[in-house]
Every structure is written in structure tokens, then in C-alpha cells.
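**Student:** Can you look at this prediction? I've put the sequence above it.
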Amino acid sequence: MLIDTPLLITGSGPAALIIAKLASGRGLGSLIAGHSSSQDETAVLLSNAAVNILSPHGLFDVLRPYLLSQDPVRMSRAAFEQVLKHHCVADMNTTVYDNFSYSPIRNGIEPQRSGTISDGTYSWDINADRWIDTAIISTDLETAINWSDKIVTDLFAKLN
Amino acid sequence: MSIAPSEEKVLQWMDELCNWDRWGDNDLLGTLNHLTPEKRVSAAGLVREGKSVSCSWDIRTGRQPGATAESQRYMLSTGLGLDDEGRKGLFDGGRAGGAQEFIGMVFHGLDVTHLDSLAHLFWDGKMYGGAPASLVSDRQGALQHDVLSVSDGITTRGVLLDMPRLKGVDVLAPDQHIYPEDLEAAEDAAGIEVEPGDVLLVRTGEGGARIREKRNYNANKPRSGYQAACLPWLQERQVSMIGSDVAQDPTPSGYRQVSMPIHMVGIVAMGLWLIDNCQLEDLAATCVELGRWEFNFALAPIRFQGVTGSPVNPLAIF
């Protein structure tokens, strides 16, 4: 069976989940393949700018019960990713496959947006209109939120 | 070999299987209209051995490794510290005590056994019956089609179709989707027929994997489920509700626009009530033990006002 998705998101880190939720909030479906949530319980600070990025999409509301403090806003990356991941799973626009690897078909220099995903037992051919590999994005929460916002904004600018 | 319907065909079913005008204006019950008082009385006759089986998973509170849902528990009072001198002084020897907690959860998803109300999903900005999706808001929740539509509970005949037993496997492979012909083969194997008003439960075997693998079980993966081709079959058989040990739809479904056709066409167009993530292992074992795959089925959602479903503990009573 061929998996056909508007947006394939590979790689771990908070950005994979933020991008999926920001895209979903604007009606774009995605497949998150191979994401592994952080176990880092260290408290990190979130700026007002980061909170403002998350707020219009309801993401900050689902994170709110897990904040370590409200003012200033602090939470751990582990809580951020575990909570957000569950909301990705429950999101009708988002599909989450854990423990999956993605092998793009390479044609020349640039990897194409088609390939296979596999859990080691089964594999599926996949076509994606767009592919974002979050492995290159910082796992620092503040940075990941800002970058994710920029990526999704650029994505929709191209779509429009 | 079974042929998957095209996505164009599945999208046509949004209209062709639409029940919006079938049971009058402002209908809140959808396919539960197939469930009649006579059916309830008849189903009660299936209670013979006096045995009751839960079809629900435990809800684990607190964030736990491997759990996809982060159900919260906050203890308001506990049994700790009852021997503290200060407490004894306050309560005349400290003989009385008690415990209470706050519980919070997202029951939709792939973990908690839950009922989807008809406010759970939208297509083209509308819910079942054509109600605008904007009737579900941050401030008030679902003003239409919340779970209170079934606050009196559901009792009817339940039927289990055990697909791994039919296929001779522990668990269906992810691309081994369930087609109408599979449902009919399972009916034949069980010597029963799905009838109007029934609750149909379909086992894929994923529940067994979840038990075997414990906290290592990963629900975020491709899994089997009802292929979209079952939608006209469910309509024709007039089932009142379906459930399974997965979230009904296989993943990947093979469809892009309507990636969860059982959910989307079922809930929005047909008004079909769904019970996601049932625990069907105990039920399957009981069916084998008693040699029958039909039973009295009972389910009562929590009376959440304005909520798009409810965690539930469905019961199969033999």
C-alpha cells in the first residue's frame, strides 16, 4: 500500500510535534514518522513570544497543566513532548508512527519526497508533497518553537 | 482478493450513506435509532449464565513510560500522615480519614476505551445532521451532539466477530484490513448474523499484543481495522454502534483526504456511534468458553455536558 501524505515529518525533538500541530491548526495533515520523545525533565524557560506562537492553536492550553511555573513560564522538554505527542495522536489531521525509519529515494543530489518507511518488520512506500526532517532543528524548546513557526509560515506562504 | 474502494467512492458515500434526513429534524441518535425497545427486551434474554465481562482497559493515571495518554491524578487528600501528632490533635484522635482526587484526561486517541459522540468530527464544517461545527466552542464545548444524547445508556444485543480466530493468527497484520466478506466469514464461523440494532464488536488481536507487550506496546504504528468497504455493509445491516480493539479505522487507510473513513463517513454522514480501543481479549475468551458470540451489551457514558464523548466501560453480559 502507498501512503500518500501532504506532509511527512521525520526526526525527533519538539519541532516535529510543533510543526505537525501548527500545520494541523491550519488544516494541513501530516505523518510524523520515527519521533522519540525526550526524557529530559530539566525545567526550561519559555518566553512570551514562544507562548504567543503556541496560544492561537490551543497548544499552550493543553500544556498549561504541566507547567512547572506560570510566571515565568517554565516546563520540562519531556513534559512538553509527551503531552504534545498525545495531542498529535488524538488529532484527526495527524498520524504518528513511532519506531519507524524513513528511507528517501535519492535522485541526484536532492532527496525526493518519496521513499519507504519501515518499522523493521513491515515497510510502506510513501509519497509526500513536502518533507521536513527536524533532525537539523535545535531541540532547545524556545528555538524549536520559533523555527517551527517560521517553517510552517513559509510552508503556507508557498502553498498560497 | 478484496478490492479497496477508491477514495472518490468513499467520498461519494458521504452523500450516499448520509442519514441526516432519515430520522427527522434535530435527530440526536443517528444509528441508535435502529435500537428499539423490542430489541432491548430481546437482548435481555441473552443473559443466561449470569456472567459479566468488561470490554475496557484500565485507565492509568499519571504520566507513565510507554503510555500514550497522560491522564492526570492530583490527590486532594490521602492516607498519608494520619499518625502525625498535629493531625491527631486536630481531629480528636485522628480516627476519621479519607481520600479524594482530581482526574484529568484526553480520552480520545489510541489508549483509553471511549465512546465518540456525534460532535467529535466535522466534514466541510458540519457535524452529523448538518449542524455547524462552530457549535463546538472553547467556551461552551459541544452545544449539539454531546454525549448527553445517550445519557440513558445503551443496552442491546452485542456480537463479537473474532478476526484473528477466523484467520488463525494472534493479531491481524497491519495491511490485513477487514472487509465485509471477512465479517460475513466470521459470522458464519460463529453461527450468528449481525442484525438491526446490534452493537458490533470486531477483534483484531491488537489487545492481545497490548497485554503481552505491556508498557512496551506501541499504538502509534500501522494497525488493521475496518476497511472503508464496510461502511455500506454497516448501513445495510443497520447496526446501532460499532467497536473494536483499535480505533476502528486501519492505519494507514490508503486514503488521503478522508484518512479515517469509518470515523468520518460513519460519524458525520451516518451518525454511527463508535467505541474506540476496547479490551476484547477477555470477551473473546469468554465467547470461546461459552461457545457463543452474542450477548447482552450494556454501556453508560458519564453524563458530561458539552463533551464530545466519554470514557466508558462496556459490559458484555452472558
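**Tutor:** Looks like it arrived, so ask away.
**Student:** going forward, measure contacts and count neighbours with C-alpha atoms only.
**Tutor:** Will do.
**Student:** Tell me how many other residues surround B:Asp124.
**Tutor:** Per other CA atoms under 10 Å in any protein chain shown, the neighbour tally for B:Asp124 reads 9.
**Student:** quick one, phi/psi of it?
**Tutor:** The phi and psi torsions at B:Asp124 (degrees, to the nearest 10) take the values phi 50, psi 40.
**Student:** what pLDDT does it get?
**Tutor:** What the model reports as pLDDT for B:Asp124 is 96.
**Student:** Repeat that for A:Asn93.
**Tutor:** 89.
**Student:** Disregarding residues adjacent in the polypeptide, which is nearest to residue 113?
**Tutor:** You didn't pick a chain, so chain A it is. A:Ala128 (5.4 Å; CA to CA, 6 or more residues apart in numbering or on different chains).
**Student:** that answer is for a different chain, and I need it for chain B
**Tutor:** B:Asn277 (4.7 Å).
**Student:** check contacts around the one you found.
**Tutor:** B:Ser56, B:Trp57, B:Leu110, B:Asp111, B:Val112, B:Thr113, B:His114, B:Gly243, B:Ser244, B:Asp245, B:Val246, B:Ala247 (CA atoms under 8 Å, 6 or more residues apart in numbering or on different chains).
**Student:** make it 10 Å
**Tutor:** B:Asn277 makes contact with B:55-57, B:108-115, B:206-207, B:243-248, according to CA atoms under 10 Å, 6 or more residues apart in numbering or on different chains.
**Student:** before we move on, the earlier item: residues contacting the residue nearest to A:Arg113?
**Tutor:** A:3-9, A:30-31, A:112-115.
**Student:** Where does confidence bottom out across those?
**Tutor:** The minimum pLDDT among the contacts of A:Ala128 falls on A:Gln112, with 63.
**Student:** So which residues on chain A come close to chain B?
**Tutor:** Within chain A, the positions adjacent to chain B are A:1-6, A:29, A:32-34, A:39, A:58, A:62, A:65-66, A:79, A:82-83, A:85-100, A:119, A:122-124 by CA under 10 Å from any CA of the partner chain.
**Student:** Mind giving me the ChimeraX command for buried ones among those?
**Tutor:** Buried members of the residues of chain A next to chain B, defined by 16 or more other CA atoms under 10 Å in any protein chain shown, are picked up in ChimeraX with:
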select /A:3,4,5,29,32,33,34,66,79,82,83,85,86,87,88,89,90,91,92,93,94,95,96,97,98,100,119,123,124
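**Student:** Can you flag which of the residues of chain A next to chain B belong to strands?
**Tutor:** Cross-referencing the residues of chain A next to chain B against strands under DSSP state E gives A:2-6, A:32-33, A:94-97, A:123-124.
**Student:** Are there helices or strands packed against the strand ranked longest in chain B, and which ones?
**Tutor:** Assignment by DSSP E gives strand B:154-162 as the longest strand of chain B. Other helices and strands packing on strand B:154-162, by 3 or more CA pairs under 10 Å, 6 or more residues apart in numbering or on different chains; DSSP states H and E, are helix B:37-44, helix B:180-190, strand B:199-203, strand B:241-244, helix B:281-290, strand B:294-299, strand B:315-317.
**Student:** List the strands paired with the last one, with their directions.
**Tutor:** The strands beside strand B:315-317 in its sheet (DSSP bridges) come out as strand B:52-54 (antiparallel), strand B:294-299 (antiparallel).
**Student:** Could you check how many residues crowd around A:Ile151?
**Tutor:** For A:Ile151, using other CA under 10 Å, the count is 17.
**Student:** Likewise for the one 4 residues further on?
**Tutor:** Counted with other CA under 10 Å, the neighbours of A:Leu155 add up to 13.
**Student:** just checking, it touches A:Pro6?
**Tutor:** No. In this structure, A:Leu155 is not within contact of A:Pro6 by CA atoms under 10 Å, at 11.4 Å.
**Student:** Mind listing the shared neighbours of these two?
**Tutor:** A:Arg130.
**Student:** what's the closest non-adjacent residue to B:Gly125?
**Tutor:** B:Gly125 sits nearest to B:Ala133 (CA to CA, 6+ apart), 5.2 Å away.
**Student:** In contact with the residue of the stretch 1-150 of chain B found nearest chain A, which residues?
**Tutor:** Proximity of the stretch 1-150 of chain B to chain A (CA to the nearest CA) peaks at B:Gly109, 4.2 Å away. Going by CA under 10 Å, 6+ apart, B:Gly109 touches A:86-92, B:68-69, B:219, B:246-247, B:276-277.
**Student:** Repeat that for B:Asn220.
**Tutor:** A:32-34, A:86, A:89, A:95-100, B:68, B:110, B:251.
**Student:** cool, and A:Lys158?
**Tutor:** A:Val152.
**Student:** Please, which helix or strand holds it?
**Tutor:** Following DSSP states H and E, one finds A:Lys158 within helix A:141-159.
**Student:** how about the CA coordinates for that helix, as CSV?
**Tutor:** C-alpha atoms of helix A:141-159 as CSV (Å, rounded to 0.1, in the frame of the first residue of the first chain):
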residue,chain,number,x,y,z
LEU,A,141,12.4,24.4,23.3
GLU,A,142,12.4,28.2,22.6
THR,A,143,14.4,27.7,19.4
ALA,A,144,12.3,24.8,18.3
ILE,A,145,9.1,26.8,18.7
ASN,A,146,10.5,29.8,16.8
TRP,A,147,11.9,27.7,14.0
SER,A,148,8.7,25.6,13.7
ASP,A,149,6.6,28.8,13.4
LYS,A,150,8.9,30.1,10.7
ILE,A,151,8.9,26.7,8.8
VAL,A,152,5.1,26.5,8.9
THR,A,153,4.7,30.1,7.9
ASP,A,154,7.0,29.6,4.9
LEU,A,155,5.2,26.4,4.0
PHE,A,156,1.8,28.1,3.9
ALA,A,157,3.3,31.1,2.1
LYS,A,158,4.4,28.7,-0.7
LEU,A,159,1.0,26.9,-0.7
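**Student:** Could you check the pLDDT of B:Arg95?
**Tutor:** 68.
**Student:** what's the answer for A:Arg106, then?
**Tutor:** pLDDT at A:Arg106 comes out at 65.
**Student:** what's the nearest residue to B:Gln317 if we skip its chain neighbours?
**Tutor:** One correction, residue B:317 is Ile, not Gln. B:Ser52 is the one closest to B:Ile317 (CA to CA, 6+ apart), at 4.3 Å.
**Student:** Read off the pLDDT value for the most centrally placed residue in chain B.
**Tutor:** Taking CA atoms, centre = their mean, the centroid of chain B lies closest to B:Ile275, which sits 0.9 Å from it. We have a pLDDT of 98 for B:Ile275.
**Student:** And it, how far from B:Thr155?
**Tutor:** 14 Å (CA to CA, to the nearest Å).
**Student:** repeat for B:Glu213
**Tutor:** Relative to B:Thr155, and taking CA to CA, B:Glu213 is found at 33 Å.
**Student:** between these two, which one's more packed in?
**Tutor:** Taking neighbours as other CA under 10 Å, B:Glu213 and B:Thr155 compare with B:Thr155 leading, 25 against 11.
**Student:** and the more buried one, what pLDDT?
**Tutor:** 98.
**Student:** wait, it sits on B:Leu46?
**Tutor:** No. Using CA under 10 Å, B:Thr155 is not in contact with B:Leu46; the gap is 11.6 Å.
**Student:** residues shared between the contacts of the two?
**Tutor:** B:Asn296, B:Phe297.
**Student:** Is A:Ser37 in contact with A:Gly13, as I believe?
**Tutor:** Yes. Assessed by CA under 10 Å, A:Ser37 is found in contact with A:Gly13 at 6.9 Å.
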